[in-house]
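# just the structure for this:
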Amino acid sequence: MKGRKIGVYIPGDIEDLLEDYLARHGGRSVSSVIQEALRSYLLGEKIPECELVGYIMVLYQHGVGDVDRELTEVQHKYIGVALFENHIHVDEERCLLTIAVRGRYSEIQKLIDEVRGLKGVLLVKHLCVCV
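Residues are numbered from 1 along each chain as shown. Got it, this is the predicted structure:
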């Protein structure tokens, strides 16, 4: 695999975070951490021609409106993309839903946008990689 060596300026505040991370996760090098961070960032970019696989994480207030039913309906609408879900009760008011997904970026983004637009949804995060 080809590669190249480059120099990167790291501001002091990020360097402190990096040093702390390395101390907690022994055996890692600065180079390996930067490679992983870049891979994660770049593979999360819009890659329309790529099939993605990953998870969508949804933090929501289960008592707001009919959000539980609406989340299920959105997943049924994207039945070829949304593979399965996992539901965790965070506390008496909030739940964390993880949805496993696989498909084109555009379809996954539509699903995310619809989920994000539901009343009661507090936070939507996703982690997908190109396969």
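# ok, Gln35 - contacts?
Neighbour list for Gln35: empty [criterion: CB atoms under 8 Å, 6 or more residues apart in numbering]. Backbone N, C-alpha and C define where each C-beta goes, glycine included.
# please renumber the chain so that the first residue is 46 from this point on.
Fine by me, first position is 46 from now on; the one you just mentioned is Gln80.
# pLDDT of stretch 51-70, averaged?
In this model, stretch 51-70 carries a mean pLDDT of 89.
# buried set for it?
Using 16 or more other CB atoms under 10 Å as the test for burial, stretch 51-70 gives Leu63.
# using CSV, write out every CA atom in that stretch.
These are the backbone C-alpha positions of stretch 51-70, laid out as CSV (Å, rounded to 0.1, in the frame of the first residue of the first chain):
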residue,chain,number,x,y,z
ILE,A,51,3.8,14.5,5.9
GLY,A,52,4.2,17.1,8.7
VAL,A,53,1.1,18.3,10.6
TYR,A,54,0.8,21.3,13.0
ILE,A,55,-1.2,20.4,16.1
PRO,A,56,-2.4,23.3,18.3
GLY,A,57,-1.6,23.0,22.0
ASP,A,58,-5.1,22.3,23.1
ILE,A,59,-5.5,19.4,20.7
GLU,A,60,-1.9,18.2,21.6
ASP,A,61,-3.0,18.0,25.2
LEU,A,62,-6.0,16.0,24.3
LEU,A,63,-3.9,13.7,22.1
GLU,A,64,-1.3,13.1,24.8
ASP,A,65,-4.0,12.3,27.4
TYR,A,66,-5.6,9.9,24.9
LEU,A,67,-2.2,8.2,24.2
ALA,A,68,-1.5,7.9,28.0
ARG,A,69,-4.9,6.2,28.5
HIS,A,70,-4.6,3.9,25.4
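# which secondary element of this structure has the worst mean pLDDT?
Using mean pLDDT, DSSP states H and E, helix 75-88 stands out as the lowest-scoring helix or strand of the chain, at a mean of 80.
# report the distance from that helix to the chain centre.
Centroid separation between helix 75-88 and its chain, computed with CA atoms, centre = their mean, to the nearest Å, is 15 Å.
# sounds good, over and out.
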